[in-house]
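**Student:** pasting the structure only:
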């Protein structure tokens, strides 16, 4: 769990980046940092601790640069420290990278770089990326995007990343594989983040990158192959404010009645005493052919799926069960064409659940999604299902999303 923010446009970037990090601090708070491009150089500030510590480190030395990237970290490789905080740079301080995910062959790549004489300054897997990108540029890559593509050819693992080149301060390059990246479309400016929470203060027009996609952002817009069309997220900026509550857990507990009303809205058919879930895209013949329902999820989504299995058996009198999504693909499952599989995820980005969906689809299974975030990876991959409309859930402990999942399963 880490947070990424990036900006390119006409305004000074530092304040926008720090505000965005504050919105994402629940995703990582052991260190934070940012890099801003100005006059063909990068001004980098890092701090161990929380975003407020980064604000203190910046102090009055705010850069006027109008392009920058930032990151708040939850450590995976290397201890929590300023040295391991993102952004990481190449030896010349030209290329800066912020990265979410885990590079599985990082040790091998680090060993090769060290053998070539590169001095690595951190213990992180991320640090290999700016060195690989800089090397690709030195070897003749015609653009920053091309250099990023070349670097990623030798990388194994998951990533959501943003790259800044001091010599190309008018652009950012973003890439995704297994870790969320969202573009925010402004008026003469572009934003990027790992979560829409950092974007809605500035824009509701967003583009969710899919795995394998790379894009170049400038103030005028974005370019990339196969990118989805922009969508409008139905989230207010104040949804990420405490609104008088002591913490987000308390706030989200009290938001449950309104969230459950949204789950039910437009889905109850009083005339026929049933529910309408048109998003499932199953006709009556297909519904009658279902002989079993299996819920797939991780963490609280799995527990909600267990409730769902009980409700399906009690109300529909159809056998049902719930299974840990992270184990599903590894047991080489037999996929029953008469079973409806339900992939459950609050964020819609849970990697193990997404992998289970892809495994099912490869084997011809019928799978629908129950997710909270419109445009998320699982929603796009399934192409059918129901949205919870529970609103943003910031607290680590699931409350309104969990109760909304259980309620949607009662409708199912």
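**Tutor:** Structure's in. What do you need? Remember, it's a predicted structure, so these values are computed and weren't measured experimentally.

**Student:** The protein - how does it break down into domains?
**Tutor:** Following automatic domain parsing, one gets these domains for the chain: 3-240, 248-411.

**Student:** give the contact list for the residue nearest the centre of the chain.
**Tutor:** The structure's the chain has its C-alpha centroid closest to residue 180; by CA atoms, centre = their mean the separation is 2.7 Å. Neighbouring residues of residue 180 by CB atoms under 8 Å, 6 or more residues apart in numbering: 100, 160, 194-195, 208-209, 347, 349, 376-377. The C-beta positions use only the backbone N, C-alpha and C, and glycine is treated the same way.

**Student:** three-state assignment of the closest residue to it other than its chain neighbours?
**Tutor:** In this structure, residue 180 finds its nearest non-sequential neighbour in residue 349, 4.8 Å apart by CB to CB, 6 or more residues apart in numbering. Here residue 349 is coil, with the state taken from DSSP: H, G, I helix; E, B strand; the rest coil.

**Student:** try the one 3 residues further on
**Tutor:** Under the three-state scheme (three-state DSSP), the conformation of residue 352 reads as helix.

**Student:** I figured it was touching residue 330, is that so?
**Tutor:** No: look at residue 352 against residue 330 with CB atoms under 8 Å: they stay out of range, at 9.8 Å.

**Student:** out of these two, which sits in the more crowded spot?
**Tutor:** Legend: neighbour count by other CB atoms under 10 Å for residue 352 and residue 330, higher for residue 352 (19 against 11).

**Student:** Now that one: closest residue in space that isn't a chain neighbour?
**Tutor:** Computed as CB to CB, 6+ apart, the closest residue to residue 352 that is not its neighbour in sequence is residue 326, at 3.7 Å.

**Student:** Give me the packing partners of the one helix or strand the one you found maps to, helices and strands only.
**Tutor:** Using DSSP states H and E, the element containing residue 326 is helix 325-328. Helices and strands touching helix 325-328, by 3 or more CB pairs under 8 Å, 6 or more residues apart in numbering; DSSP states H and E, are strand 292-297, helix 351-362.

**Student:** and those as JSON lines, adding distance to residue 313?
**Tutor:** Below are these laid out as JSON lines (distance: least, CB to CB, whole Å):
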{"stretch": "strand 292-297", "distance to residue 313": "9"}
{"stretch": "helix 351-362", "distance to residue 313": "21"}
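
**Student:** so which of the contacts of residue 180 would you say is closest to residue 389?
**Tutor:** The nearest member of the contacts of residue 180 to residue 389, counting by CB to CB, is residue 376 at 13.1 Å.

**Student:** okay, now the residue lying closest to that closest one once chain neighbours are set aside: neighbour count?
**Tutor:** Spatial nearest neighbour of residue 376, excluding adjacent residues (CB to CB, 6+ apart): residue 348 at 2.5 Å. The tally of other residues near residue 348 (other CB under 10 Å) stands at 28.

**Student:** ok, residue 348 touching residue 377?
**Tutor:** Yes: with contact defined as CB under 8 Å, residue 348 counts as touching residue 377 (6.1 Å).

**Student:** residues contacting residue 38?
**Tutor:** Residue 38 neighbours (CB under 8 Å, 6+ apart): 63-65, 169.

**Student:** Would it be right to say that residue 309 lies in a helix?
**Tutor:** Yes: assigned with three-state DSSP, residue 309 falls within a helix.

**Student:** In contact with it, which residues?
**Tutor:** By CB under 8 Å, 6+ apart, residue 309 lies in contact with 293-295, 320-322.

**Student:** Identify the bridge partners of the residue nearest to it when sequence neighbours are not counted.
**Tutor:** Closest residue to residue 309 apart from its sequence neighbours, by CB to CB, 6+ apart: residue 320 at 3.9 Å. Applying DSSP bridges to residue 320 gives these bridge partners: residue 293.

**Student:** ok, residue 320 touching residue 306?
**Tutor:** No: counting by CB under 8 Å, residue 306 is not a contact partner of residue 320; they are 9.6 Å apart.

**Student:** Between those two, which is the more surrounded one?
**Tutor:** Per other CB under 10 Å, whichever of residue 320 and residue 306 has more neighbours is residue 320, with 24 against 17.

**Student:** any idea what sits nearest residue 160, other than its immediate chain neighbours?
**Tutor:** That would be residue 179: by CB to CB, 6+ apart, it lies 3.4 Å from residue 160.

**Student:** swap in residue 211?
**Tutor:** Using CB to CB, 6+ apart, the nearest residue to residue 211 is residue 177, at 5.1 Å.

**Student:** what about that neighbour, which helix or strand?
**Tutor:** strand 172-177.

**Student:** what packs against that strand?
**Tutor:** strand 3-8, helix 144-152, strand 159-165, strand 190-193, strand 214-218.
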